[in-house]
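**Q** Have a look; sequence and predicted model below, questions after that.
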Amino acid sequence: MCEKIRSLKVDRLKDVVKIGYRVLKFTKWDELLNNVTYQRTNEECLKFVGCGNVEPYFINWDTELRLAGRSFKNTYIKKPSQVDESKWKLLQLPKILIREVGLQLTAAFDEEGEYGNITGVYALYDMKPDWEPRFILALLNSSLLDFYYKSLYGSAHMAGGYLNFHGSYIENLPMSKVSFSQQKRIADIVHRLGLLMKA
C-alpha cells in the first residue's frame with residue numbers, strides 16, 4: 001500500500017509549507033528556559049508549549065510539560081534578547097504544530113500565533129494560499145498518514161511504542177490535494193472539532 005501511495009503524483013508536505021524546528025536556538029536550547037515565566041509580563045511573550053501540549057487538532061496549554069528536569073504548566077516564554085527578531089516573528093505566525101515524539105502522528109493548529117516553543121515540536125508555517133491549513137491538519141491527523149509514516153519509518157521507534165517524528169521524514173509525507181471548496185468543507189468540520197475539544 002505504501003508503494004502505491006509513494007508512486008502517486010502528489011505534493012509532499014515540504015512543497016506545501018515551510019517547516020521549522022528549534023527556530024529560536026537549535027543547540028543549547030535549554031538555555032532559553034530562563035526566559036520562561038509563570039506571569040505574562042509587559043515584555044513580548046507567547047504561551048509556552050512543547051511536545052506534550054500538542055494533541056490531535058488541539059493545543060492543550062493546561063498539560064504539564066517536562067523539559068530538562070523542570071516542570072512547566074500555563075507558562076509564558078519571553079522574547080529572548082539574544083535571539084534574532086526574524087526568528088521570534090516565526091513563532092508569532094499562524095502555524096501547525098506536530099509532536100516530535102508520540103504514539104501516532106499528531107498535529108494541532110495555532111491560528112493566532114499565540115504559542116511559542118523551544119523544542120519538541122515542528123512548526124509548519126507559510127502555507128501555500130491554495131491549501132487550507134485545517135485541511136492540512138486533517139491529513140496530518142489521519143489514520144492513513146499515520147499508517148504510512150509508521151510503515152516507512154517505524155524503525156525510528158522508541159520505548160513504549162513511541163515514535164520519533166523526524167523532520168526529514170515528515171517533510172516527505174504525501175499531501176493529496178482536492179478542490180479548494182472540498183478543502184473548506186473538511187476545514188469547517190476540523191474547526192468545529194477543535195472548538196468541541198477546547199470546551
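**A** Structure's in. What do you need? Numbering: from 1, shown residues only.
**Q** Distance check, R12 against D126.
**A** As judged by C-beta to C-beta, to the nearest Å, R12 and D126 stand 15 Å apart. In this view, the C-beta of every residue, glycine as well, is placed from N, C-alpha and C.
**Q** swap in L103?
**A** Taking C-beta to C-beta as the measure, L103 falls 29 Å from D126.
**Q** and what of G50?
**A** Distance of G50 to D126, computed by C-beta to C-beta: 22 Å.
**Q** When those two are compared, which one has more neighbours?
**A** Comparing G50 with D126 by other C-beta atoms under 10 Å, the one with more neighbours is G50, at 20 against 14.
**Q** mind showing which ranges of this protein have poor pLDDT?
**A** Residue ranges of the chain with pLDDT under 70: 1-8, 156.
**Q** Can you tell me the closest non-neighbouring residue to the spatially most central residue of it?
**A** The C-alpha lying nearest the average C-alpha coordinate of the chain belongs to L97 (C-alpha atoms, centre = their mean; 1.2 Å). With C-beta to C-beta, 6 or more residues apart in numbering as the criterion, L97 has its nearest non-adjacent residue at 4.6 Å, and that residue is V121.
**Q** Q39 versus the one you found, what's the distance?
**A** For V121, the distance to Q39 (C-beta to C-beta) stands at 23 Å.
**Q** same thing with D126?
**A** 32 Å.
**Q** got it, and S168?
**A** Distance, S168 to Q39, by C-beta to C-beta: 38 Å.
**Q** Can you tell me the SS state at the nearest residue to A187 once chain neighbours are set aside?
**A** Leaving aside its chain neighbours, A187 sits nearest to R134 (3.6 Å; criterion: C-beta to C-beta, 6+ apart). Taking DSSP: H, G, I helix; E, B strand; the rest coil as the rule, one finds R134 in the helix state.
**Q** Give me the distance between R134 and H191.
**A** With distances taken as C-beta to C-beta, R134 is found 6 Å from H191.
**Q** More neighbours: which of those two?
**A** R134 (22 against 15).
**Q** From the neighbour counts alone, determine which of V121 and Q39 ranks first.
**A** Applying other C-beta under 10 Å to V121 and Q39 shows that V121 carries more neighbours, namely 30 against 7.
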